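**Student:** need the 3D shape of this:
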Amino acid sequence: MPIHPTAIVDPSARIDDTAVIGPFCVIGADVSIGAHTGLKAHVYVEGPTTIGEENIFYPYTTVGVAPQDLKYHDERAETHIGSRNKIREFVTIHRGTTGGGMVTSIGDENLLMAYSHVAHDVHLGSHCVLANGVTLAGHVMIGDWAVIGAFTGVHQFCRIGKHAMVGGYSVITQDVMPFATTVSKRENSVFGANSTGLERRGFDPIAIEHLQNALRLLTRAKLNTSQAIERIEAELPATPEIADLLTFIRSSERGVVK
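**Tutor:** Below is the predicted model of the structure:
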C-alpha cells in the first residue's frame with residue numbers, strides 16, 4: 001500500500017491496500033481504514049477508530065483523540081466514520097464517552113470544512129455540511145442533509161433536524177426543527193422552510209408549501225407549540241414531511257427554536 005516513509009503506522013492498524021497515507025501522518029493502534037481513503041499529510045488518528053471507503057482527510061486533522069470532558073478517564077470509547085467524507089484542514093473529531101454511549105459517529109458523504117469541531121458522542125448523519133469553524137458540543141445529534149453556517153456553535157445535547165439550514169454565526173441552545181431555516185440575530189429565529197435546499201433535493205413544491213404553512217403556524221401565528229400542533233393536524237395534510245416535523249417536536253427535551 002502507498003504509505004509515505006515519514007508516516008508512523010502502528011503494526012496493529014488495519015489499512016486497506018488501496019488507501020493512501022501521506023507524509024508525517026500518525027496512525028495509532030486499533031485503527032481501521034477502508035479502501036481508497038486518503039490521508040494527505042500530517043493527519044493524526046487514534047483508535048479505536050473505524051474509517052470507511054473513499055474518504056479524504058486534509059492536513060492537520062485529528063481523529064479519535066480523547067474528549068475534552070473532565071469525566072473521561074481513558075475508557076475504551078470509539079469513533080466511527082463512514083464513506084466518501086471530505087474532512088478539511090484542522091478539523092478535530094473526538095471519541096465517545098461513558099455518558100454518551102461510548103461512540104462518536106459520522107455518516108457518509110459529509111463535508112466538514114476547516115477548523116470545524118465534532119465533540120464526544122456527537123452523531124452526525126449523512127450528506128451534511130459543516131462550514132468553517134462550526135463547533136458541535138458533546139452529545140449533539142445532526143440529521144441527514146443538514147447545513148450549518150460558518151462559526152456556529154451548537155450547545156451540548158441539542159439536535160438539528162434533517163434538511164435544516166442554520167445560518168452562520170448562530171448560537172444554538174435548543175433543538176432546530178427539520179426542514180427549517182434558522183438564524184441567530186439578537187435571538188434565534190425560524191425563517192420558514194429551507195425551500196432552496198429542499199427544491200435542490202427534488203422535494204415536491206406542494207410538500208414544501210405544506211411545510212411553509214406548518215412552520216408559519218408554529219412561529220408566526222402567536223400560538224403556543226401545543227396549539228400550533230393541533231392546528232397543523234386539523235388544517236394540513238399528513239404528509240411524510242409534516243409527520244417527521246411533528247415527531248421531532250414532540251420528542252424534544254430542550255424545546256425547539258421558534
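
**Student:** check contacts around Ile15.
**Tutor:** By CB atoms under 8 Å, 6 or more residues apart in numbering, the contact set of Ile15 is Met1, Ile3, Val9, Ile21, Ile27, Val31, Ser32, Ile33. All C-beta spots, glycine's among them, are computed from the backbone N, C-alpha and C.

**Student:** closest to Thr49 out of the residues you listed?
**Tutor:** Taking CB to CB as the measure, Thr49 lies nearest Val31 of those, at 4.9 Å.

**Student:** count of neighbours near that closest one?
**Tutor:** Other residues near Val31 come to 23 when the count uses other CB atoms under 10 Å.

**Student:** does Gly192 touch Thr181 like I think?
**Tutor:** Yes. Gly192 is within contact range of Thr181, at 6.0 Å (criterion: CB atoms under 8 Å).

**Student:** the more surrounded of those two?
**Tutor:** Neighbours per residue, other CB under 10 Å: of Gly192 and Thr181, the larger number sits with Thr181, 21 against 16.

**Student:** torsion angles phi and psi at that one?
**Tutor:** Dihedral angles of Thr181 (phi, psi; degrees, to the nearest 10) stand at phi -100, psi 120.

**Student:** which residues does it form beta bridges with?
**Tutor:** Met165 (DSSP bridges).

**Student:** other residues contacting stretch 22-37?
**Tutor:** 4, 6-10, 12-21, 38-57, 64, 83.

**Student:** buried among these? Make that a PyMOL selection.
**Tutor:** Entered in PyMOL, the line below selects the buried ones among these, by 16 or more other CB atoms under 10 Å:
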select buried, resi 7+9+13+15+19+20+21+38+39+40+41+42+43+44+45+46+47+48+49+50+51+52+53+54+55+57+64+83
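
**Student:** next step: the contacts of stretch 22-37 restricted to helices.
**Tutor:** Taking DSSP state H, every one of the contacts of stretch 22-37 sits outside helices.

**Student:** out of the contacts of stretch 22-37, list just those in strands.
**Tutor:** 8-9, 14-15, 20-21, 38-39, 44-45, 49-51, 56-57, 64 (DSSP state E).

**Student:** and which of the residues you listed is nearest to Ala234?
**Tutor:** Out of those, the member with the shortest distance to Ala234 (by CB to CB) is Thr50, at 46.9 Å.

**Student:** can you pull out the helices in the stretch 51-200 of the chain?
**Tutor:** 195-200 (DSSP state H, counting those that start in this stretch).

**Student:** before we move on, back to that, same list, the contacts of Ile15, but as a markdown table with distance to Val147 and pLDDT please.
**Tutor:** Shown next, in a markdown table, are these (distance: CB to CB, whole Å; pLDDT from 0 to 100):
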| residue | distance to Val147 | pLDDT |
| --- | --- | --- |
| Met1 | 35 | 64 |
| Ile3 | 35 | 94 |
| Val9 | 35 | 97 |
| Ile21 | 31 | 97 |
| Ile27 | 31 | 98 |
| Val31 | 30 | 98 |
| Ser32 | 29 | 98 |
| Ile33 | 27 | 98 |
